[in-house]
Each structure stands twice: as C-alpha cells, then as structure tokens.
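K.L.:
Attaching a predicted model along with its sequence, questions to come.
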Amino acid sequence: MAGAPVGPQPKESAKTALGLRKRKRVGVGIDMTPMVDVAFLLLIFFMVTTVFRRPLAMEVNMPKPGDKVEVPESNVMTIFVREDGSMVYDVGKRGMNPVTWDELRETLILEADYNPELIVLAKVDRDAKYEYMVDLLDTFDDAQMQRFSVIPMTEMDEAALEGM
C-alpha cells in the first residue's frame, strides 16, 4: 500500500488548442448583508421623514336636542336645493332669487361681506342627490362660511317654491 492514492484523484484537465491547461473556475461569493442593511435603513428613513397628507374632513358641531337659538330674520340666508339640483335663495324677506352652482360661492361671499353676522340655512329636498348636499358643504367651506345649518325641506317650503 505504499503507492496507493488516499483521496480522490485529480482529473486531468483538458488542454486547449495551444497546449495550455484550462484553469478550474473558482466560485465568487458576494455577501449581500450590507446591501440589505442599507436598503432597510433607507426604507426606515423615508418612512420616518415622509409627511402624510391629512384626510380632508369638515368639523361639524351638532346642537343638543331641544336647543333653540333666537336669530334676527335679517341675519338668515336660506338656500333651497330642489330635487333636480336647482337652487333658490332668500335673505331675510327680500324675496326668492334663483342662483346657479357657479354663482353660489360669489353670492355667499357678497352676502357675508354685507352682513358679517350672516347665518346660512340650507334646506335640501329629501329626494335630491346626496352629491348636491356635499357640493353645498364644499361651497360653504370655499366661501369660508362658518355658521350654517342643513335641514330637510318641509312641505310648506316645497309649496312656496312651486311658483318659481
């Protein structure tokens, strides 16, 4: 047993055309741990420093049941929104005036400039689309109206609007 090989025998490497031996390729190992660490650090950095947009919401103060507030009639602007989306407004007892959605913001601003104590009372038809009420509240917000109330339209209001 003097000349017996103990381990696996090396294979004869193939020779190239020039008679040189091809070298065996050595596998290269790349450690990915530092790259993953940097990626997570960047992710955490952007999560912490990003300012998220606050949800758009309007604060509504609801009165307690049974509360009654006396307001002079000249300080009340009533807006009637019909089922088809058309609108009519009245300030005090000046008389009903039709108004379009495009004119509403300017009308609110003019009336509020004329009377700083103005309170808007929006009466929306129960059969009107919900979109009309949302658009109305958005218009109040755009015109910076702080004092308003939204109530359903009564039969008496509908009868008063029949002739218009």
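P.N.:
Received, thanks.

K.L.:
ok, Val88 touching Phe80?
P.N.:
Yes: using Cβ atoms under 8 Å, Val88 is in contact with Phe80, at 4.7 Å. Quick note: C-beta positions are derived from backbone N, CA and C, even for glycine.

K.L.:
Between the two, tell me which one has more neighbours.
P.N.:
Between Val88 and Phe80, Phe80 has the larger neighbour count (other Cβ atoms under 10 Å), namely 23 against 19.

K.L.:
Please give the element, helix or strand, for that one.
P.N.:
Under the criterion of DSSP states H and E, Phe80 resides in strand 76-81.

K.L.:
one step back: what residues are shared contacts of Val88 and Phe80?
P.N.:
Met96, Leu161 (Cβ atoms under 8 Å, 6 or more residues apart in numbering).

K.L.:
Show me the strands in the protein, by range?
P.N.:
In the chain, the strands defined using DSSP state E lie at 76-81, 87-91, 97-99, 119-124, 148-152.

K.L.:
What are the buried residues along the third one?
P.N.:
Pointing back at strand 97-99 there. For strand 97-99, a neighbour-count test (16 or more other Cβ atoms under 10 Å) marks Val99 as buried.

K.L.:
Would you mind pulling up the elements that that strand packs against?
P.N.:
Strand 97-99 sits against strand 87-91, with contacts defined as 3 or more Cβ pairs under 8 Å, 6 or more residues apart in numbering; DSSP states H and E.

K.L.:
The strand it packs on vs strand 76-81, what angle?
P.N.:
Inter-element angle recorded for strand 87-91 and strand 76-81: 170 degrees (by axes from the mean of the first three to the mean of the last three Cα atoms, to 10 degrees).

K.L.:
Any chance you could list what contacts the longest helix along the chain?
P.N.:
With DSSP state H setting the assignment, residue counts place helix 33-49 as the longest helix in the chain. Applying Cβ under 8 Å, 6+ apart, helix 33-49 has no contact partners.
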